[in-house]
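*Asks:* Here you go, sequence then predicted model.
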Amino acid sequence: HDPLMARCVVLKDGEQKIALVSVDLVGLQFPAVQEIRKLTPGFTYLLVSSTHDHEGPDVIGMWGRTQFSYGVNDDYVQAVVKKISQLVKDTAGKLTSDVAVSFGTAEDASLLKDSRLPEAFDAMMRVLVFSKKSSGDKVGLLVQWNSHPESLGSKNTLVTADFPWATVRELKKKYKCPVAYFTGTVGGLMAPPAGPSTFEYAEMHGIAVAGLAGKAVEAAKPITLTPMKVKAQRIYVPVTNRLYRLAKTMR
């Protein structure tokens, strides 16, 4: 129905260089991210964030033909790794110092529902607006919204990025610049409000999210993103779900 995209923002401060990547997938796993990092040396940190799109290929292993089969196409994952690595390199090759940054927010809880208790909402839209210092023209937007892209339901058979495809389309049309969409704190199950599982509904909701992002863009105030500091730590969380533990042993 619409292409799955990887989108990238690269920031540089002196010798530090950071890449922020978002992919229209349910959850690109850590080994793939590690491989991308190996293929793109020279970065202080490279983040790969998945939108948690339920309407794309299985990159986790939970959508096999049966509950006992592995659903990942390893060749597809390798293709994604290579394309993201090239994207990061290409984006880093376009770095410019003629950029000013603004940060804006807007809030609308009516664009969300939480189907699991306890209900917990983060209805804040956050945007970074990158503009040319010399002219003020926008050169890019980083949009961060907190909702599962799963408006189309389980019966959809077409590959799609779900509602973010319409959000990105509308923002690119309005601001005439690239748009990187990131999913944020989705909680237990923050998702679009209940509606028909149709592309018409996904598009309508995506347009509404774009409208909220537009309010955040218009409210944006200048900020500085330097000096940059990155700290990462690997943590281990015990898995107590018996079905998850069984699935791990069966693979």
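*Replies:* It's in.
*Asks:* how about the strands of the stretch 151-251 of the chain, start to end?
*Replies:* Secondary structure of the stretch 151-251 of the chain, counting by DSSP state E, counting those that start in this stretch: strands at 179-183, 190-191, 221-223.
*Asks:* what's the burial count for Gly14?
*Replies:* Using other CB atoms under 10 Å, Gly14 has 8 neighbouring residues. Just so you know, the C-beta spots here come from the backbone N, C-alpha and C atoms, and that holds for glycine as well.
*Asks:* Quickly list what the spatially most central residue of the chain is bridged to.
*Replies:* Ranked by distance to the mean C-alpha position of the chain (CA atoms, centre = their mean), the top residue is Phe182 at 3.1 Å. Bridge pairing for Phe182 (DSSP bridges) gives the partners Gln144.
*Asks:* Kindly report the same for Ile18.
*Replies:* Assessed by DSSP bridges, Ile18 has beta-bridge partners Leu11, Tyr45.
*Asks:* List the contacts of it.
*Replies:* The contact partners of Ile18, by CB atoms under 8 Å, 6 or more residues apart in numbering, come to Val10, Leu11, Lys12, Phe43, Thr44, Tyr45, Leu46, Leu47, Met228, Val230.
*Asks:* right, and the fifth one touches Val230 too?
*Replies:* Yes - distance between Thr44 and Val230: 5.6 Å, which falls inside the contact criterion (CB atoms under 8 Å).
*Asks:* ok, and the most crowded of the contacts of Ile18?
*Replies:* Counting neighbours by other CB under 10 Å, Leu46 leads the contacts of Ile18 with 24 neighbours.
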